[in-house]
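*Asks:* attaching a predicted model along with its sequence, questions to come.
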Amino acid sequence: MGRLAGKVAVISGGATGMGGAASLLFAAEGASVAIIDRDLAAAQAAAQAITAAGGRGFAFQADVSQADQVAAAVAAAERAQGPANVLFNHAGTIVIKPFLDTTEAE
């Protein structure tokens, strides 16, 4: 059993690069992974790679600068795999300030 066995993860920007590597790692550690990315085709490819390796991967499209898209993607992820208890926010820009002080515009 992996360190994330039984966990349900949401990873924003989880289709390629470091986010994609995190998606694969979380799945390899046992988590069910919802990949939220602007590039739906890349998210689907990553989810398929997770599934092919015996894990549970799901793909959803959203631009994290649009709150309504994020809310819709998270709701769809919850319907697909249940409520998340792990979140890795990889998408977006580098804003150096407390998370709760970050605005949607940033």
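*Replies:* Yep, that arrived.

*Asks:* quick one: low-confidence parts of this structure?
*Replies:* Counting by pLDDT under 70, the chain shows low-confidence ranges at 93, 99-100, 106.

*Asks:* please repeat the previous calculation with a cut-off of 90.
*Replies:* 1, 64-65, 67, 89-106 (pLDDT under 90).

*Asks:* pretty sure residue 11 is touching residue 25, no?
*Replies:* No - the pair residue 11 / residue 25 is not scored as a contact, 9.9 Å apart, by CB atoms under 8 Å. Where you see a C-beta, it was placed from the backbone N, CA and C, and this is true even at glycine.

*Asks:* out of these two, which sits in the busier spot?
*Replies:* A direct count of neighbours by other CB atoms under 10 Å for residue 11 and residue 25 places residue 11 higher, at 30 against 15.

*Asks:* and that one, how far from residue 105?
*Replies:* 23 Å (CB to CB, to the nearest Å).

*Asks:* what of residue 16?
*Replies:* 25 Å.

*Asks:* neighbour count: the two, which is higher?
*Replies:* Using other CB under 10 Å, the more surrounded residue of residue 16 and residue 105 is residue 16, with 16 against 5.

*Asks:* list the residues that contact that one.
*Replies:* By CB atoms under 8 Å, 6 or more residues apart in numbering, the contact set of residue 16 is 37, 39, 42, 46.

*Asks:* buried subset of those as a PyMOL selection?
*Replies:* Listed next is the PyMOL selection for buried residues among the contacts of residue 16, using 16 or more other CB atoms under 10 Å:
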select buried, resi 37+42+46
